[in-house]
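> What follows is a predicted protein model with its sequence.
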Amino acid sequence: MFNLRNIGGKIAELRRAKNMTQMELADRLGISYQAVSNWERGNTMPDISKLPELIQIFDVTLGELLGEESEVTKLLESAAQEQVEEYMEDHSVGIKEISEVAPVLKPAQVGNILEKAKKIDWEEISNILPFVERDVVDRLVLKAVDEGQYNDLGEVMPFTSREVVDKIADKILEQKGDCKEIEDIAPFISRNKLVELAEKKYQQSGIASIDSILPFIEKETIRKITEEEVQKNGLGAITPILPFIDRETIDKMADIILEQEGDCGEIEKIAPFVSREKISELAEKKYQQAGLASIESILPFIEKETLRRIAEEEIQKNGLEAITPILPFAGKKILSKYIIEKYL
């Protein structure tokens, strides 16, 4: 990277050699004297459009002005003279050189340089992308995907238009057939496109084929897919995606499961994701239908107040020993109350 302090010192040295004041140099360049002062203090670097004028005024080469003769200064000089394309045709320019000149080039110039590259390493050029016009980045990304370059696309997505990101998602899924391939770019894909891709892929290959993009899919879409999957393949099929299903949907499923299966053992599979209120409601309902043994599998998930009511009722019906299964989950208050009422 250019050493601004050294460049500023060189400009000051050349200006004094020409017996010019900062104001006189600024007038020649059509800029403020504060700009010249900032150059010489090493705070900023001259705009690329001013470099040809500076080397003409001081009668030096760009390499002499910048303190080095290298591929970087030659590239910068060609850019200053609006001859980047011609230069690129005759020279091999690496990402290192582009990275060094990018901050002082115009976005279109950086784009022209990058478009000449035969293969793009997105991770390597990610620091250049803020200096490139968005439509140029879009073209580069589409070119890379068409050529089968998928690695590190996540690095470039923040600089790519949403429209093109959606196109890329379509292309990748079409070519690779696997949502895993679009996981890295999923945060940048539009909601509508993600819904479209998820529903399409689910219908083609089932729920396992979309698990990698579930964190980015709208809850309503996950709800629809979940309900369809349960109808097709039962509760066990959705176990891998439970963390992504909203609580309202899971509560609704718990109602359906208990109604269809009549067994809390099935609810146990999803109990950590069911709301405490719903678990307690179902527990009381099932207890009234089939007794304490029917809810033992979900006891760890029931609210203590519900457990207390069930325990009190069970003691009245079947005595103290009947509530033994509840005690590890209900705490000491239930038993203490019974002992106080009976013995104290």
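Nice, thanks for sending it over.
> switch to C-alpha atoms for all contacts and neighbour counts from now on
OK.
> Mean confidence (pLDDT) on stretch 42-56, please.
Mean per-residue pLDDT for stretch 42-56: 85.
> who touches that stretch?
4-9, 29, 38-39, 61-62, 65, 76-77, 79-81, 104-105 (CA atoms under 8 Å, 6 or more residues apart in numbering).
> what about it, how long is it end to end?
In stretch 42-56, first residue to last residue: 21 Å (CA to CA, to the nearest Å).
> The residue positioned nearest the centre of the chain - nearest residue in space that isn't next to it in sequence?
Centroid check for the chain by CA atoms, centre = their mean gives residue 187 as the closest residue, at 4.3 Å. Excluding its sequence neighbours, the residue lying closest to residue 187 (CA to CA, 6 or more residues apart in numbering) is residue 216, at 6.5 Å.
> Do I have it right that the one you found meets residue 188?
No: the pair residue 216 / residue 188 is not scored as a contact, 9.5 Å apart, by CA atoms under 8 Å.
> hmm, back to that, what's near enough to touch the residue nearest to residue 187?
Listed by CA under 8 Å, 6+ apart, the contact partners of residue 216 are 186-187, 194.
> Then residue 154?
184-185.
> quick one: it from residue 124, how far?
Using CA to CA, residue 154 is found at 12 Å from residue 124.
> And the pLDDT for residue 105?
68.
> helix or strand for residue 184, which one?
According to DSSP states H and E, residue 184 maps onto no helix or strand at all.
> Let me see the backbone angles for it.
Main-chain dihedrals, residue 184, degrees, to the nearest 10: phi -70, psi -30.
> And for residue 287?
Taking degrees, to the nearest 10 as the convention, residue 287 sits at phi -60, psi -40.
> ok, how many other residues are close to it?
The local packing of residue 287 (other CA atoms under 10 Å) involves 17 other residues.
> pLDDT at it, what is it?
pLDDT, residue 287: 90.
> OK, contacts around it?
Residue 287 makes contacts with 294-295, 310, as judged by CA under 8 Å, 6+ apart.
> could those go into TSV alongside secondary structure, distance to residue 278 and neighbour count?
Output for the contacts of residue 287, formatted as TSV (DSSP: H, G, I helix; E, B strand; the rest coil; distance: CA to CA, whole Å; neighbours: other CA atoms under 10 Å):
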residue	secondary structure	distance to residue 278	neighbour count
294	helix	16	17
295	helix	13	22
310	helix	16	20
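> Closest one to residue 240 out of the residues you listed, please.
residue 295 (24.4 Å; CA to CA).
> any idea how far that closest one is from residue 308?
For residue 295, the distance to residue 308 equals 14 Å [CA to CA].
> low pLDDT regions in the stretch 201-344 of the chain?
By pLDDT under 70, the low-scoring segments of the stretch 201-344 of the chain are 330-335, 338, 341-344.
> Swap in 90 and give it another go.
Along the stretch 201-344 of the chain, the parts satisfying pLDDT under 90 run over 204-273, 289-294, 296-297, 299-300, 302-344.
> Which parts of it are helices?
Using DSSP state H, counting those that start in this stretch, the helices of the stretch 201-344 of the chain run over 219-233, 247-261, 264-268, 276-290, 304-318, 327-330, 332-343.
> Dump the third one to CSV, keeping only the CA atoms.
These are the backbone C-alpha positions of helix 264-268, laid out as CSV (Å, rounded to 0.1, in the frame of the first residue of the first chain):
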residue,chain,number,x,y,z
CYS,A,264,-48.3,-38.6,25.7
GLY,A,265,-45.3,-40.7,24.7
GLU,A,266,-45.6,-39.2,21.2
ILE,A,267,-45.7,-35.7,22.6
GLU,A,268,-42.6,-36.4,24.6
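> Just the contacts of residue 216: which are in helices?
Secondary structure assignment by DSSP state H places residue 194 of the contacts of residue 216 in helices.
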